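In: how would this look folded up:
(chains A and B)
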Amino acid sequence: MGINRREFLRISGIASLWGLGGRAAFEILKPGVLEAQTREPLSKAKKWAMVIDTRKFKGEEDFQRCVDACIKAHNIPKVTNVRQEIKWIWKEQYENAFPDDQNQFLPEGMEHKPFLVLCNHCTNPPCVRVCPTQATFKRPDGIVMMDYHRCIGCRFCMAGCPYGSRSFNWRDPRKFIKENTNLEYPTRSKGVVEKCNFCEERIAKGLYPACVEASNGAMAFGDLDNPNSEVRKLLKENYSIRRKPSLGTQPNIYYLV
Amino acid sequence: MMYDENKIIPMIIIFVALVTFPLWYNLGKAAPKPDPKIDTPVIQALQNKQCIEPKAAMKTTHMKILDEWRNDVVRGDYSRQMTTADGRVFEKSLQNGCMKCHSNKTKFCDQCHNYMEVKPFCWDCHIAPKETN
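Out: Purely as a prediction, here's the structure:
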């Protein structure tokens, strides 16, 4: 009846050998097939990036248009107390935006020239590394995203971010959103950190980020991995700088100067 | 024999009365049964009034569905739409999905949530539609 001990050992030995070799065989003959079966591909390999042509920002109005577009799109509260300000995209002087780059003698007007700054959606984001709850994370398309549901408000990310791109809601932001509430987008709650999301909700619909749309061509947005994209063309034809490159965070916001 | 019974016994009576206060205070005053309404203009105009799942399933699992949607959209596969069993497509969104039909938060959400004393924090961030009464 049944199988004897010798037969059992022989069968189980062959079975385990096949089991060990089976996966390797799959990897050699059809690489990626096993992985693909266990995990749905997220999105096409992409790396969103932005190019800001600072030469095209002439007056106060050019900056304000972009900033206001963002405020309106994301229900950003206008907190007047500077220590509690909520900023996604804002204006910064050259000497503060690019502190690495301080030559003793700069072209006339450069030192105090205003630049638009926002979250750099770094390739190597320090904020993601320090977040204890993974409330902030890097998406496969390069966007450094926040899950406000998960944020516990510890503000490690604010300490980690070398660009000051993150703001903490010290108070209920609803009280500071007076007019023009965008009913398609949520607000945040007291006690969470917030920042620019590269307009991921607009990208999902195929729209350009709100600031890019409002910039009248002074800002470009596209896929850094695609050699034919608008951003790659601009970077090919112009000299660009990035904020604090020496830190190794690999920002994905490029400035043409 | 008991020492100080003239102090202890009244204090026991006062203590029991205080502890049971909520019971006898609310006696005969049952909270009104929740009466959720789904009669918004948008729903009344619909041909097929079926939600994404049958009513009974929505009653018991809407919180799980919302939780799954949230994870999908924010940090899962980034899919923003879902298809029902009968092929209709909906936005995986509370603010831009559910509330587009169920635009009566006070009558639709709050009725049961208040009765059951559950306090979901959805509305701390998500904006409820304006209601006209």
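
In: any chance you could map the helices in chain B?
Out: B:5-19, B:21-25, B:41-45, B:55-75, B:99-101, B:105-108, B:110-116, B:122-125 (DSSP state H).

In: of the ones you listed, which is nearest A:Pro209?
Out: When the helices of chain B are compared by Cβ to Cβ, helix B:55-75 sits nearest A:Pro209, at 18.0 Å. (C-beta placed from N, C-alpha, C; glycine too.)

In: against which helices or strands is that closest one packed?
Out: Here helix B:55-75 touches no other helix or strand, going by 3 or more Cβ pairs under 8 Å, 6 or more residues apart in numbering or on different chains; DSSP states H and E.

In: report the buried residues of it.
Out: Within helix B:55-75, the residues that count as buried by 16 or more other Cβ atoms under 10 Å in any protein chain shown are B:65-66, B:69-70, B:72-75.

In: please apply the same query to stretch A:191-200.
Out: Buried residues in stretch A:191-200 (16+ other Cβ under 10 Å): A:192-200.

In: contacting residues around that stretch?
Out: Applying Cβ atoms under 8 Å, 6 or more residues apart in numbering or on different chains, the contact partners of stretch A:191-200 are A:48, A:50, A:70, A:73-74, A:86, A:88-89, A:118-119, A:121, A:136, A:139, A:143-146, A:148, A:151, A:153, A:155, A:157-158, A:161, A:165-169, A:188, A:207-211.

In: circling back: in JSON lines, list the helices of chain B along with distance to A:Pro251 and mean pLDDT.
Out: Shown next, in JSON lines, are these (distance: least, Cβ to Cβ, whole Å; pLDDT from 0 to 100):
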{"stretch": "helix B:5-19", "distance to A:Pro251": "63", "mean pLDDT": "95"}
{"stretch": "helix B:21-25", "distance to A:Pro251": "59", "mean pLDDT": "90"}
{"stretch": "helix B:41-45", "distance to A:Pro251": "44", "mean pLDDT": "88"}
{"stretch": "helix B:55-75", "distance to A:Pro251": "23", "mean pLDDT": "93"}
{"stretch": "helix B:99-101", "distance to A:Pro251": "37", "mean pLDDT": "91"}
{"stretch": "helix B:105-108", "distance to A:Pro251": "41", "mean pLDDT": "91"}
{"stretch": "helix B:110-116", "distance to A:Pro251": "44", "mean pLDDT": "91"}
{"stretch": "helix B:122-125", "distance to A:Pro251": "28", "mean pLDDT": "93"}
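
In: make JSON lines out of those and add distance to A:Lys58.
Out: What follows is the helices of chain B, written out as JSON lines (distance: least, Cβ to Cβ, whole Å):
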{"stretch": "helix B:5-19", "distance to A:Lys58": "74"}
{"stretch": "helix B:21-25", "distance to A:Lys58": "69"}
{"stretch": "helix B:41-45", "distance to A:Lys58": "46"}
{"stretch": "helix B:55-75", "distance to A:Lys58": "38"}
{"stretch": "helix B:99-101", "distance to A:Lys58": "41"}
{"stretch": "helix B:105-108", "distance to A:Lys58": "46"}
{"stretch": "helix B:110-116", "distance to A:Lys58": "51"}
{"stretch": "helix B:122-125", "distance to A:Lys58": "37"}
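
In: by mean pLDDT, flag the weakest helix or strand of chain A.
Out: One helix or strand of chain A scores below all others by mean pLDDT, DSSP states H and E: helix A:33-38, with a mean of 44.

In: how about the strands in the stretch 1-150 of chain A?
Out: A:48-53, A:89-93, A:114-118, A:136-138, A:144-146 (DSSP state E, counting those that start in this stretch).

In: could I get those strands as JSON lines with distance to A:Val130?
Out: JSON lines is the format used below for these (distance: least, Cβ to Cβ, whole Å):
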{"stretch": "strand A:48-53", "distance to A:Val130": "22"}
{"stretch": "strand A:89-93", "distance to A:Val130": "23"}
{"stretch": "strand A:114-118", "distance to A:Val130": "20"}
{"stretch": "strand A:136-138", "distance to A:Val130": "9"}
{"stretch": "strand A:144-146", "distance to A:Val130": "12"}
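
In: can you pull the contacts of the nearest residue to A:Lys178 once chain neighbours are set aside?
Out: Using Cβ to Cβ, 6 or more residues apart in numbering or on different chains and skipping the chain neighbours, the partner closest in space to A:Lys178 is A:Lys78 (7.4 Å). Going by Cβ under 8 Å, 6+ apart, A:Lys78 touches A:71, A:176-178.

In: how deep is residue 46 tucked in, by neighbour count?
Out: By default, I'm working from chain A. 18 (other Cβ atoms under 10 Å in any protein chain shown).

In: the intended chain is chain B.
Out: B:Leu46, neighbours per other Cβ under 10 Å, totals 10.

In: in stretch A:226-245, which residues are buried?
Out: A:229, A:231-232, A:234-235, A:240-244.

In: with stretch B:115-122 instead?
Out: Buried-residue list, stretch B:115-122, by 16+ other Cβ under 10 Å: B:Cys122.

In: that stretch: end-to-end distance?
Out: 17 Å (Cα to Cα, to the nearest Å).

In: just how off-centre is it within its chain?
Out: Mean-position distance between stretch B:115-122 and its chain equals 5 Å (Cα atoms, centre = their mean, to the nearest Å).

In: same check, this time on stretch A:123-142
Out: Distance, centroid of stretch A:123-142 to centroid of chain: 9 Å (Cα atoms, centre = their mean).
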